[in-house]
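Undergrad: sequence plus the predicted model coming up.
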Amino acid sequence: MVMSKLTDTFSDLYNKFTDQLPTILIALAILTIGFLIAYGLKNLILKKIKPRLTNTLSADFIAQVTSIIIRTIVIIIALNLLGFKNFTTNILAGAGILTFVLGFAFKDIGENFLAGIILAFKSPFRLKDLIESGNVLGYVQELNLRETLVKTPDGKDVFIPNGQILKNPLINYTIDGFLRYEFIIGLDYNSNIAEGIKIISDSVAEVNDVLNTKNKKTTVLIDELTASTINFKILFWIDTFKSTSRTYHNNIRSAVIDKVVENLFKNGFYLPSSIVEIKMNKP
């Protein structure tokens, strides 16, 4: 009796499966074709459109969103074919309520996704740009649906939520191709200030990678009068389009400081250290 019922049950399931087999195959075909189209469009955007855009990160983001939208539509169509029409209709009808509920449950995810869309189209940074957001300084590696990948100069991979970048001040050191560096050097009070400024300016100009244009000139200013030195602030510009590498930038700064110190010593200038007065009181 039990075996007879099991046989009937399996027979009914088999009949239903064979009846639905064409529909299942069609649904699988639609899923396969749809996913292939999504994959193909994603590659098309990355290969054809991406090279034409100034900011390649925008193309990467658009490709991801396009692929997700197409896959979602294909899945809904396949579910309808398989007899889940009421299920998908209820999902679409309840999208407003679902969005409201998920808005609280996944607030950060939604916020970061929307922030990613804004960043992709506003383009405040590009691939390999040197940026600073919050306490993170590094080079942009990737912009995806949730976060921006930044590699710090010491090799750390930091995933910054897109919402954080959008809400906080963002510093881009390389977007226009120019970056200003500065350092301070102290001369003795007996120094000839005018001659010292000239030597410093000429020394900075000797370094090839330092810019010397109408709007990007080297500036030497008296910054502070301390107990033992007259401190000068030296400001100079470099072209970051030659290289966005932080090591490259620091090497230029190091070469400038070395050249300034070398020429000051050659011309008899004295760079005193801070004076520390120690009093020994007798008991």
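TA: Sure thing, it's come through.
Undergrad: now the closest residue to residue 264 other than its chain neighbours: which helix or strand?
TA: The shortest distance from residue 264 to any non-neighbouring residue, by CB to CB, 6 or more residues apart in numbering, is to residue 199 (6.0 Å). C-beta: built from backbone N, CA, C; applies to glycine. Using DSSP states H and E, the element containing residue 199 is helix 193-205.
Undergrad: ok, which stretches of the protein are helices?
TA: Using DSSP state H, the helices assigned to the chain run over residues 2-44, 56-81, 85-93, 95-105, 107-122, 162-167, 193-205, 246-266.
Undergrad: which of the ones you listed has the lowest mean pLDDT?
TA: Confidence, taken as mean pLDDT, is least for helix 95-105 of these (a mean of 48).
Undergrad: mind listing what's buried in stretch 134-145?
TA: 136-140, 143-144 (16 or more other CB atoms under 10 Å).
Undergrad: now do the contacts for the residue nearest the centre of the chain.
TA: With distances taken as CA atoms, centre = their mean, residue 140 lies nearest the centre of the chain, 3.4 Å away. Residue 140 makes contacts with 57, 125-129, 131, 148-150, as judged by CB atoms under 8 Å, 6 or more residues apart in numbering.
Undergrad: which two of those residues have the greatest separation?
TA: Greatest spatial distance in the contacts of residue 140: 126 and 149, 13.7 Å, computed using CB to CB.
Undergrad: please tell me how far residue 124 sits from residue 115.
TA: 11 Å (CB to CB, to the nearest Å).
Undergrad: how about residue 225?
TA: 47 Å.
Undergrad: ok, these two, which is more surrounded?
TA: residue 115 (20 against 10; other CB atoms under 10 Å).
Undergrad: check contacts around the spatially closest residue to that one that is not a sequence neighbour.
TA: Distances taken as CB to CB, 6+ apart place residue 162 nearest to residue 115, at 3.7 Å, with adjacent residues excluded. By CB under 8 Å, 6+ apart, the residues touching residue 162 are 112-113, 115-116, 119, 143, 146-148.
Undergrad: with that, I have no additional questions.
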